[in-house]
Every structure is written in C-alpha cells, then in structure tokens.
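Colleague: missing the sequence, but the structure's below:
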C-alpha cells in the first residue's frame with residue numbers, strides 16, 4: 001500500500017511539473033501557456049476592452065492606443081528578458097498570459113525586427129489581446145493633465161524611461177511643452193521645448209531632473225529630426241564637436257550640447273524618433289546669471305547670444321535704436337539670452353566690437369581679431385564647419401559667449417542646429433532640405449565669416465594653427481576609419497533598436513532614407529578636399 005501511495009505521489013509530482021512547465025508557468029508576473037490554453041481562455045471568455053495598464057517592475061509602460069501596443073525600453077545587447085511584467089484593468093490586477101517564454105527570448109532580435117509580442121489579459125472571464133514591443137532606445141511619454149501654470153501653459157505628466165541599467169529606469173515629473181524652432185515649425189512633426197515642473201502646495205514650480213544621464217536641469221529640447229532623411233546628422237555632428245572642440249576652453253565646461261535618442265508618446269499616441277537635447281545656456285557654459293553680475297557690480301558682464309537669423313556682421317546693427325521695439329532682445333540676427341534684458345547699447349557691445357573688426361581693413365582685422373575672440377575656438381569652429389559641410393551655419397545657427405578675460409572680455413563660438421550637414425543642404429521644399437547627390441559642394445568652403453577671414457589674412461598665424469589642429473582632428477575623430485565606424489554605430493543604433501522602422505511607418509511621407517552610405521562617401525571626399533586646401537595654404 002505504501003509503495004502504491006509513493007508511486008502515485010511520484011506520478012502526480014511529475015504530472016504537476018509537466019503542467020507547470022508547459023501550461024501555466026508564472027515567469028516574472030506573466031503566465032507562460034500553450035497556444036491550446038490561449039485558445040481555451042479566449043473561447044470560454046468574452047472579448048472586452050479592459051482599459052489595460054501594462055507594468056514592468058510595477059512601473060506603468062508607455063502605450064500607443066492606435067495599435068494597442070505597450071513599449072518597454074531595454075539595453076541593446078544579447079540578453080534575455082528580465083524584470084516582472086504585470087497587467088491591470090481599471091485599477092486592479094488581472095491575469096496576463098503569453099505563449100512566448102520571455103525569460104529565454106532573444107531581446108536583440110525582437111528589437112531589430114520590430115516584433116510585437118502578443119499578450120492576453122484576462123479579468124473575471126473578460127479578455128483582451130494587447131502587444132508589447134521592446135525598443136532599444138529610451139522613451140519619453142507625455143500625458144495631459146487638467147492643470148495649467150501661472151502663465152496659462154498646459155501641464156503634462158512626463159515619464160522618461162531609460163535603457164541604461166546604471167541609471168534609474170523611470171523618472172516621473174511634470175512639464176510644459178511649447179513648439180520649438182524656426183522653419184521647422186512648418187514640419188508635420190514638431191520639435192518641443194520642455195520646462196520641467198513639480199507640484200508644491202497647489203502650484204507648479206521649476207524642477208531639475210537628470211534625464212538620460214545628460215545633465216540635471218529643468219530646461220530641455222526635443223528635436224524632431226524631421227529635415228534629415230537619415231535622422232542621424234544632428235547626433236553625429238554633436239558627438240563630433242564634443243570630441244573635437246567643445247572642451248577647448250579654460251572653464252572646464254562643454255561648449256556644446258549633448259543629446260540622446262528617444263521615442264516619444266503624447267497622450268497614448270506614438271510620435272516617432274526624437275533627439276533629447278541639452279540647450280546651450282549659461283548653466284551649460286558655467287556662466288553666472290546676468291542679474292547676479294549686475295548686482296555685484298562686475299566690470300565685465302559676461303553674456304550669451306544666439307544667432308538665429310541669417311545676417312552679415314555690421315557694426316551699425318548693434319548701435320542706436322532697436323530695429324524692432326517689440327523685440328528688445330534682438331539685433332543683427334542675434335538674440336540676447338539671459339535673465340536680464342536692459343535694452344541698451346552696452347549689452348550689445350561684444351557683438352559691436354566683433355562686427356567692427358570684421359568690417360575693418362585686413363591689417364586692422366589681423367591685429368585685433370585674436371584679442372576679441374578666442375583664436376583656438378574660432379579655428380576649431382571653422383574647421384568643424386568645413387568637415388561637416390555646415391553651410392547652414394555660415395551666417396546663422398551659432399552661439400556667441402562673451403567671457404571675462406582679465407580686465408576685458410573675449411568671445412567663444414558654439415555651433416548649434418547641425419542637421420543641414422554632411423551633404424544635406426537647405427532647399428525650398430516640404431522638408432527644407434535636399435541631398436547634394438551631385439556632390440557639387442564637396443569642394444566648396446563654408447564661408448563662416450570670422451574663421452574665413454582669419455584664414456584669408458593668416459591672422460596671428462591662423463593658417464599654421466589650423467593645419468596643426470586639423471592634423472589632430474584627422475588622427476582622431478575625423479580619420480576615415482573612426483568617422484566610418486561612428487556613422488555605422490549610429491546607424492545600427494537607429495535600425496537595430498527598431499526605432500527607424502517605426503519612424504518610417506509613423507511618417508510614410510517623411511522623406512526617410514535607409515541608406516546611410518552617402519554620408520560616409522560625401523564626407524570622405526570633403527575631408528580630402530580640406531586636407532589639400534590646408535596643405536596648399538601652408539605652403540604659401
């Protein structure tokens with residue numbers, strides 16, 4: 001009898017083990033089932049819209065209502081699914097089932113193939129099929145709230161999900177979101193300026209958050225990338241400048257921006273691939289606030305200017321009455337940044353001095369220009385614009401930071417808005433750009449005025465300095481090998497994450513181009529042209 005009981009117990013244990021492994025294994029919050037059991041659950045229940053919420057480690061995930069798909073960002077590496085999935089409906093938990101063993105799946109394959117994982121949610125005999133996609137880039141998700149700020153701006157709940165396992169997976173706060181850009185405002189896909197907030201005593205106040213490891217601040221830009229057919233040029237140029245010239249200053253700060261790819265959702269609607277960017281501002285550059293300098297009585301007031309509109313440098317633009325009384329922060333293509341606008345000539349003095357120098361004869365220019373701007377910085381900007389073919393930066397899209405230098409001041413240039421580059425040129429079409437497929441500009445210099453004039457006059461040995469700096473650039477980030485590998489890495493990030501395919505489907509008329517080879521071939525020829533130009537100038 002005992003042997004019979006023991007035998008039956010062993011058989012029962014085996015059967016339970018088989019059932020557990022094949023039919024109803026709970027692997028991290030979800031139940032792994034066979035297709036037969038999936039069919040049985042749906043046959044015995046009623047299909048219903050359950051108002052689902054899918055969670056990962058108890059954190060609600062971003063959602064696209066149109067496709068009934070939830071999105072989970074995970075690092076792009078050959079690894080299996082980790083973490084706990086859960087599902088809720090109308091504020092309570094419900095059963096979650098799948099026929100795919102997520103603990104053993106190939107995450108990188110799911111990402112690269114943009115594959116949706118079917119999930120079955122069951123609640124008291126009612127069921128709904130939803131989907132999960134695993135993306136390889138971070139996610140930024142907005143949700144409307146009924147609230148507005150004191151300035152009557154709508155307040156959004158903001159959720160940011162990171163793929164870097166060394167940082168927090170989820171950051172939650174509030175934000176305002178306003179349209180950002182100039183010509184890009186006409187795009188189907190909009191760029192946004194974010195101001196992060198926190199709620200305190202019934203009011204919203206500024207809140208700093210470290211998003212995607214870029215910096216701890218309240219001010220952010222979401223770049224739509226819409227003008228660039230490959231969605232890579234801004235990020236490529238930003239990364240290059242950060243390696244080549246952003247650190248060439250005595251302040252220990254990055255005189256450039258930083259950026260990370262992300263996919264954006266607004267009110268449960270997928271918006272596509274974006275670039276989360278750090279704006280160029282006083283904090284980024286380590287500059288004190290203008291108000292603090294004025295209160296302290298600082299003799300040399302440090303200021304920051306942004307050249308947004310195309311305009312030649314003319315001294316007359318920075319003296320006399322404002323060109324437009326309704327724009328007290330604007331002169332000569334530049335906008336004055338900072339927390340205090342005095343509406344006087346003194347705050348435009350740095351640009352007046354620069355313009356006067358650029359309008360002067362060659363002898364005067366050569367004697368004065370390196371006392372007005374930092375020579376190394378100016379030469380690095382000029383070389384950078386030549387390398388990337390930054391023709392759209394020749395007369396605009398640059399910042400000018402005026403910093404104290406002993407008893408006087410000196411200027412530093414900082415490139416910005418770099419999508420029209422690497423053979424992409426401004427054009428009057430729906431995307432405000434076109435590819436220089438005939439490569440007419442490969443052997444054309446970018447006429448960025450300060451640097452070009454320094455090279456033409458060889459101001460304070462600028463030609464020799466440029467040749468030495470270029471040699472360093474070509475041995476490093478601008479070597480053919482390093483540049484090609486950088487483009488390839490960015491291409492793989494966009495494509496293997498699944499984000500590029502989703503971008504193309506979201507914007508079928510968005511001028512997306514999967515072929516990245518033009519960037520490398522165009523730039524290789526352009527770098528060789530600059531090699532030859534500098535060699536010839538050095539021999540003169």
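Modeller: Cool, got the structure. Keep in mind that what you see is a predicted model, and the values were worked out from it rather than measured.

Colleague: pretty sure residue 116 is touching residue 130, no?
Modeller: No. At 9.4 Å, residue 116 and residue 130 do not qualify as touching, with contact defined as C-beta atoms under 8 Å. Heads up, the C-betas are built off the backbone N, CA and C, glycines and all.

Colleague: List the buried residues of stretch 47-66.
Modeller: Buried positions in stretch 47-66, judged by neighbour count with 16 or more other C-beta atoms under 10 Å: 50, 52-56, 59-64.

Colleague: Would you mind pulling the contact partners of it?
Modeller: Contact partners of stretch 47-66, identified using C-beta atoms under 8 Å, 6 or more residues apart in numbering, comprise 29, 69-72, 83-90, 94, 96, 119, 121, 123, 126-130, 132, 139, 141, 159, 161, 169-170, 265, 268-270.

Colleague: if you look at those, which of them are in strands?
Modeller: Taking DSSP state E, the ones among the contacts of stretch 47-66 that sit in strands are 69-72, 85-89, 94, 96, 119, 121, 123, 126-130, 132, 139, 141, 159, 161, 170, 265, 270.

Colleague: ok now do residue 435, which residues does it touch?
Modeller: By C-beta under 8 Å, 6+ apart, the contact set of residue 435 is 229, 423-425, 513, 518.

Colleague: if you set the cut-off to 6 Å instead, what comes out?
Modeller: By C-beta atoms under 6 Å, 6 or more residues apart in numbering, the residues touching residue 435 are residue 423.

Colleague: From residue 484, how far out is it?
Modeller: Taking C-beta to C-beta, to the nearest Å as the measure, residue 435 falls 19 Å from residue 484.

Colleague: so where do the helices sit in the stretch 351-500 of the chain?
Modeller: Under the criterion DSSP state H, counting those that start in this stretch, the stretch 351-500 of the chain contains helices at 362-372, 375-388, 449-457, 462-475, 480-496, 499-506.

Colleague: Just name the most buried of these.
Modeller: Of all those, helix 375-388 has the most neighbours on average by mean count of other C-beta atoms under 10 Å, namely a mean of 24.

Colleague: Quick check: which helices or strands does it pack against?
Modeller: Using 3 or more C-beta pairs under 6 Å, 6 or more residues apart in numbering; DSSP states H and E, the elements in contact with helix 375-388 are helix 449-457, helix 462-475.

Colleague: Report the buried members of the ones in strands among the contacts of stretch 47-66.
Modeller: 69-72, 85-89, 94, 96, 119, 121, 123, 127-128, 130, 132, 139, 141, 159, 161, 170, 265, 270.

Colleague: so what are the domain limits for the protein?
Modeller: Listed by automatic domain parsing, the domain ranges of the chain are 21-135, 139-224+252-277, 286-539.

Colleague: So which of these is nearest residue 243?
Modeller: In terms of C-beta to C-beta, the element of the domains of the chain nearest to residue 243 is domain 286-539, at 4.6 Å.

Colleague: Verify the stated contact: residue 467 with residue 538.
Modeller: Yes. If you go by C-beta atoms under 6 Å, residue 467 and residue 538 touch, sitting 4.9 Å apart.

Colleague: residue ranges with poor pLDDT in the protein?
Modeller: 1-28, 78 (pLDDT under 70).

Colleague: Tell me how many other residues surround residue 34.
Modeller: 12 (other C-beta atoms under 10 Å).

Colleague: The one 3 residues further on too?
Modeller: Around residue 37 there are 17 other residues, counting by other C-beta under 10 Å.

Colleague: Please give the element, helix or strand, for it.
Modeller: helix 35-43 (DSSP states H and E).

Colleague: Report the buried residues of that helix.
Modeller: So, applying 16+ other C-beta under 10 Å, buried residues of helix 35-43: 37-38, 41-42.

Colleague: just the residues you listed now: which is nearest residue 471?
Modeller: Checking the buried residues of helix 35-43 against residue 471 by C-beta to C-beta gives residue 38 as the nearest, at 64.1 Å.

Colleague: for the closest one, what are its contacts?
Modeller: Residues in contact with residue 38, defined by C-beta under 6 Å, 6+ apart, are 99, 120.

Colleague: could you point out which element follows the helix holding residue 37?
Modeller: strand 46-47.

Colleague: relative to strand 69-73, how tilted is the next helix or strand after that next one?
Modeller: Remark: after strand 46-47, the chain's next helix or strand is strand 52-56, criterion DSSP H and E. Orientation check (axes from the mean of the first three to the mean of the last three C-alpha atoms, to 10 degrees): strand 52-56 against strand 69-73 gives 10 degrees.

Colleague: Distance from the chain centre to strand 52-56, please.
Modeller: Put simply, strand 52-56 sits 27 Å off its chain's centre (C-alpha atoms, centre = their mean, to the nearest Å).
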